[in-house]
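K.L.:
What follows is a protein structure lacking sequence information:
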């Protein structure tokens, strides 16, 4: 009897505990409180210090932080557009999630996963603060503070046992950073949108499964919250970002230098006779398509139809897939225009990186397409081409559509390569963005003059302004890093006519390039010497081949 009594007790306990847990879970999920009281409301002036401190979290950022703006007008625009934004966002969510759901079909006996209903509701998000950050980069940085307590209608159907998952009472609090870069002179005036989160988002919602709120189960809420925050942070928490291309790079001038083309003009053979005595004085002009810089020129070979130059040139390459090397042979004349003897083109996509290739090209009259009516032989030209790309490395971050790209010269590599870093050829790029508060004694028509190793370059002149914007880039190809060199930039003013004080210096600046070589880039504003309040914005880069 004692044994049967013990056995019966064990069986009863084993059956009672699961039954009690199920019964408790049922009442916990489905029962509603019978006593519901309205919250007590008071005037702010009647609250004590403790209550006021608890309310600080809900005060808009434009109240707490002076650098945040109040943007009620923007919230009004979002509210009016919300019915259309809702449909557009939901359509994007469907297209993004369909391939993700397809990966799980067939696993764990899952037949289908699909949204039965997908709507973000009628309540739009609220921007309770807006900040614009000023930087020295060619970009616009926006930091909106977004809060959304919506009434979404989201029903996800997972066909295993045909149960539904419904998302209700969603609340989101995020602090994104939106960067529009680079700024370009093509509508909408920026090529890409980069979105990242400055801190982990606050997300709260209810999850109804089989008629009950799954988030009400102790422990489940915290697990789901932690998982969501970790996943979002791994993808979009700064410095990770979501990159959204807006403009096709081929349609806007946003390409940056990616390498150097080494050109050796060797010789020409059987050129046309253009001079009275049956000879020519040939020279060669060469440049890359898409460039606005002046063409390079060889020396002039007097009275020679078979000239030998063996002269070397370096050209900056921005797009090796589309750019073409253009060669033109001219006959030099002391008076009048120079006669063109012939021309040819070489697409850079024919070259292999870091390999020298020799070309023997028959000169044509107009284009690279042979003219059937032009029977006159124009001779040929021999050149050697080598394309040397810059050292470049991209770091990709796993995620949907995200790529975090970074250019890295060998200066960023470990210290054991420092001897290699501080030697070798490279490109020094100097971009003079603009100046502020430059003022001349007699006139203000500022332009900048860059002097480096005996070379002199100028920006365009801006008339009648104290705040000129040039945004002009100048390039210097060097055989060795400019470790001990200094570059001088002067802001000058010039007026028309000849007379006293037609030109004056508004300020100058000497920049030591040692830091540029070690850091790869310096982008800052400098105070001008011999100027009361003048500043100049200069961006200098050193890239190793």
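P.N.:
Nice, thanks for sending it over. Since we're looking at a predicted model, the values are computed, not measured.

K.L.:
Model confidence for the spatially most central residue of the chain, exactly?
P.N.:
For the chain, the residue nearest the mean C-alpha position is residue 181 (5.1 Å; CA atoms, centre = their mean). For residue 181, the model assigns a pLDDT of 86.

K.L.:
Next one: it from residue 100, what distance?
P.N.:
Distance of residue 181 to residue 100, given as CB to CB, to the nearest Å: 29 Å. Backbone N, C-alpha and C define where each C-beta goes, glycine included.

K.L.:
sorry, back to before: contacting residues around the residue nearest to the centre of the chain?
P.N.:
Residues in contact with residue 181 (CB atoms under 8 Å, 6 or more residues apart in numbering) are 137-140, 190-192, 194.

K.L.:
What are the phi and psi values at it?
P.N.:
With angles defined as degrees, to the nearest 10, residue 181 sits at phi -150, psi 160.

K.L.:
Residue 532 is in what secondary structure piece?
P.N.:
Under the criterion DSSP states H and E, no helix or strand holds residue 532.

K.L.:
Now, of the contacts of residue 181, which are buried?
P.N.:
For the contacts of residue 181, a neighbour count by 16 or more other CB atoms under 10 Å gives the buried set as 138, 140, 190-192, 194.

K.L.:
any idea what residue 170 is structurally, helix, strand or coil?
P.N.:
Under DSSP: H, G, I helix; E, B strand; the rest coil, the three-state class of residue 170 is strand.

K.L.:
How about it: what's its closest non-neighbour residue?
P.N.:
Nearest residue to residue 170, sequence neighbours excluded (CB to CB, 6 or more residues apart in numbering): residue 205, at 4.2 Å.

K.L.:
got a list of what the one you found touches?
P.N.:
Contact analysis of residue 205 by CB under 8 Å, 6+ apart lists 167-171, 215.

K.L.:
Can you list the residue ranges for strands in the stretch 151-300 of the chain?
P.N.:
Taking DSSP state E, counting those that start in this stretch, the strands of the stretch 151-300 of the chain run over residues 153-158, 163-174, 176-183, 190-197, 202-209, 212-213, 242-245, 259-269, 282-288, 296-297.

K.L.:
ranking the ones you listed by mean pLDDT, which is last?
P.N.:
If you rank the strands of the stretch 151-300 of the chain by mean pLDDT, strand 212-213 sits at the bottom with a mean of 68.

K.L.:
avg pLDDT for the strand or helix carrying residue 504?
P.N.:
If you go by DSSP H and E, residue 504 is part of strand 503-512. For strand 503-512, mean pLDDT rounds to 90.

K.L.:
What residues of it count as buried?
P.N.:
Buried residues in strand 503-512, counted by 16+ other CB under 10 Å: 506-509, 511.

K.L.:
Check stretch 464-474 too.
P.N.:
Result for stretch 464-474 [16+ other CB under 10 Å]: buried residues 466, 468, 470, 472-474.

K.L.:
again, but for stretch 278-288
P.N.:
Those would be 280-288, for stretch 278-288 by 16+ other CB under 10 Å.

K.L.:
how about JSON lines for those residues, with distance to residue 449 added?
P.N.:
JSON lines is the format used below for the buried residues of stretch 278-288 (distance: CB to CB, whole Å):
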{"residue": "280", "distance to residue 449": "38"}
{"residue": "281", "distance to residue 449": "34"}
{"residue": "282", "distance to residue 449": "34"}
{"residue": "283", "distance to residue 449": "29"}
{"residue": "284", "distance to residue 449": "30"}
{"residue": "285", "distance to residue 449": "26"}
{"residue": "286", "distance to residue 449": "27"}
{"residue": "287", "distance to residue 449": "24"}
{"residue": "288", "distance to residue 449": "26"}
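
K.L.:
hang on, the earlier thing: how near is the residue nearest to the centre of the chain to residue 429?
P.N.:
From residue 181 over to residue 429 the distance is 18 Å, taken as CB to CB.

K.L.:
which of the contacts of residue 181 lies closest to residue 300?
P.N.:
Residue 300 lies nearest to residue 138 out of the contacts of residue 181, by CB to CB, at 40.7 Å.

K.L.:
The closest one is in contact with residue 183, isn't it?
P.N.:
Yes: applying CB atoms under 8 Å as the test, residue 138 and residue 183 come out as touching, 5.3 Å apart.

K.L.:
mind listing what residue 538 touches?
P.N.:
Neighbouring residues of residue 538 by CB under 8 Å, 6+ apart: 430-433, 489, 509, 511, 522-526.

K.L.:
Neighbour-wise, give me the winner out of those residues.
P.N.:
residue 432 (26 neighbours; other CB atoms under 10 Å).

K.L.:
Surely that residue is in contact with residue 470?
P.N.:
Yes: Residue 432 is in contact with residue 470 according to CB under 8 Å; the separation is 5.1 Å.

K.L.:
Start and end of stretch 278-293, how far apart?
P.N.:
End-to-end span of stretch 278-293 (CA to CA, to the nearest Å): 34 Å.

K.L.:
Ok, stretch 285-303 next?
P.N.:
End-to-end distance for stretch 285-303, by CA to CA: 18 Å.

K.L.:
now stretch 523-542
P.N.:
For stretch 523-542, the separation between the terminal residues is 12 Å (CA to CA).

K.L.:
buried stuff in it?
P.N.:
Buried positions in stretch 523-542, judged by neighbour count with 16+ other CB under 10 Å: 526, 528, 531, 534-542.

K.L.:
what sits against residue 458?
P.N.:
Counting by CB under 8 Å, 6+ apart, residue 458 has contacts 447-450.

K.L.:
ok so, going back, which of the residues in the next helix-or-strand element following the strand holding residue 504 are buried?
P.N.:
Following strand 503-512 in sequence order, the next helix or strand is helix 514-519 (DSSP H and E). Neighbour counts using 16+ other CB under 10 Å place 516-517 of helix 514-519 among the buried residues.

K.L.:
what's the average pLDDT for the next helix or strand after helix 514-519?
P.N.:
Counting by DSSP H and E, the element after helix 514-519 in chain order, helix or strand, is strand 521-527. In this model, strand 521-527 carries a mean pLDDT of 91.

K.L.:
Tell me the strands beside strand 521-527, with direction?
P.N.:
strand 535-544 (antiparallel) (DSSP bridges).

K.L.:
and the angle for the strand it pairs with with strand 503-512?
P.N.:
Strand 535-544 runs at 40 degrees relative to strand 503-512, counting by axes from the mean of the first three to the mean of the last three CA atoms, to 10 degrees.

K.L.:
What are the buried residues along stretch 344-357?
P.N.:
Neighbour-count burial for stretch 344-357, counted by 16+ other CB under 10 Å, picks out 344, 346, 348, 351.

K.L.:
Determine which two of the residues you listed are furthest apart.
P.N.:
Maximum pairwise distance among the buried residues of stretch 344-357 (CB to CB): 15.2 Å, between 344 and 351.

K.L.:
What's opposite the nearest residue to residue 297 once chain neighbours are set aside in the beta bridge?
P.N.:
Leaving aside its chain neighbours, residue 297 sits nearest to residue 285 (5.4 Å; criterion: CB to CB, 6+ apart). Beta-bridge pairing for residue 285 (DSSP bridges): residue 297, residue 328.
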